[in-house]
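Q: take this sequence and fold it.
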Amino acid sequence: RRSLDEALYARFLAYRDAGLRKEAKASICAFVESFADFAEMEAWTRKFLSTLRHGELVRHELYERIVFPVLLAGHDRLDPWSIYWLAETAQNLYRAWPLYKRLGAPPIQRLFKEAYALARSSPEIRQGLLRDLMRGFDYMAHEWPTGILYAPGSPLELQNQEILQDIQLARSLDETGEHAHKIDDFEQKVLAYAARWKRKT
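A: A predicted model of the protein is given here:
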């Protein structure tokens, strides 16, 4: 029986850090091949993701052959941890369109919200969703005072309601009040823009 060879992964890291690309590729491919079964893939993925920094890219061979299959299986059985980590590895999904398509290419925030709906008390999932909401607020407000960036093709009034709901959600997730000022500031901009838009119509 083959068995997972952790030494191959250590070798990959050493080659990668030394800038030896060909050797790094050979080592990661051999490591991926050393998994005996799905249970081994799942156990390793859980351990590996617990050490990943936010927004860090996973080596594509590893993501496509080991991490994504584990997360996809979890997604299909509505496992909140797997759904959360699909959202957290968005940068990998964007670079691997066929994989993203297999999920139906949902907006990443929808994945965070699905995970949260399944595990509202998970600190990891609450923090992940809050981080994503704050990123979204920053993006929508970055052209202020010209306006708020809304998604094209959806009625502004409906989007406004959804954004105000997201603001309330962010407040409930921000238990320490760390983002309170930014959330209040964004809410004021949204309300001001909605009032400005109403005056025009």
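Q: alpha carbons only: can I get the helix of greatest length in the chain in PDB?
A: Secondary structure of the chain per DSSP state H: the longest helix is helix 180-200. Presented in PDB, the C-alpha positions along helix 180-200 are these (Å, rounded to 0.1, in the frame of the first residue of the first chain):
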ATOM      1  CA  ALA A 180     -17.600  50.100  14.000                       C
ATOM      2  CA  HIS A 181     -16.300  53.500  12.700                       C
ATOM      3  CA  LYS A 182     -15.800  52.100   9.200                       C
ATOM      4  CA  ILE A 183     -19.200  50.500   9.100                       C
ATOM      5  CA  ASP A 184     -20.900  53.700  10.300                       C
ATOM      6  CA  ASP A 185     -19.000  55.700   7.800                       C
ATOM      7  CA  PHE A 186     -20.000  53.400   4.900                       C
ATOM      8  CA  GLU A 187     -23.700  53.400   6.100                       C
ATOM      9  CA  GLN A 188     -23.800  57.200   6.000                       C
ATOM     10  CA  LYS A 189     -22.400  57.100   2.400                       C
ATOM     11  CA  VAL A 190     -25.000  54.600   1.300                       C
ATOM     12  CA  LEU A 191     -27.900  56.600   2.800                       C
ATOM     13  CA  ALA A 192     -26.600  59.800   1.300                       C
ATOM     14  CA  TYR A 193     -26.200  58.300  -2.100                       C
ATOM     15  CA  ALA A 194     -29.700  56.700  -1.900                       C
ATOM     16  CA  ALA A 195     -31.200  60.200  -0.900                       C
ATOM     17  CA  ARG A 196     -29.300  61.800  -3.800                       C
ATOM     18  CA  TRP A 197     -30.600  59.200  -6.200                       C
ATOM     19  CA  LYS A 198     -34.200  59.600  -5.000                       C
ATOM     20  CA  ARG A 199     -34.000  63.400  -5.600                       C
ATOM     21  CA  LYS A 200     -33.100  62.700  -9.200                       C
END
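Q: would you mark the buried spots in it?
A: Using 16 or more other Cβ atoms under 10 Å as the test for burial, helix 180-200 gives 183, 186-187, 189-190, 193-194. C-betas here are computed from N, CA, C, even on glycine.
Q: check stretch 8-25 too.
A: Those would be 8-9, 11-12, 15-16, 24, for stretch 8-25 by 16+ other Cβ under 10 Å.
Q: residue boundaries of the helices in the chain?
A: In the chain, the segments counted as helices under DSSP H are 6-17, 21-33, 38-49, 60-62, 68-76, 80-88, 90-95, 97-102, 108-118, 123-141, 156-173, 180-200.
Q: now these as CSV including mean pLDDT and distance to G147?
A: Below are the helices of the chain laid out as CSV (pLDDT from 0 to 100; distance: least, Cβ to Cβ, whole Å):
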stretch, mean pLDDT, distance to G147
helix 6-17, 95, 44
helix 21-33, 96, 45
helix 38-49, 96, 38
helix 60-62, 95, 38
helix 68-76, 97, 36
helix 80-88, 97, 28
helix 90-95, 95, 26
helix 97-102, 94, 30
helix 108-118, 97, 21
helix 123-141, 96, 9
helix 156-173, 94, 10
helix 180-200, 92, 6
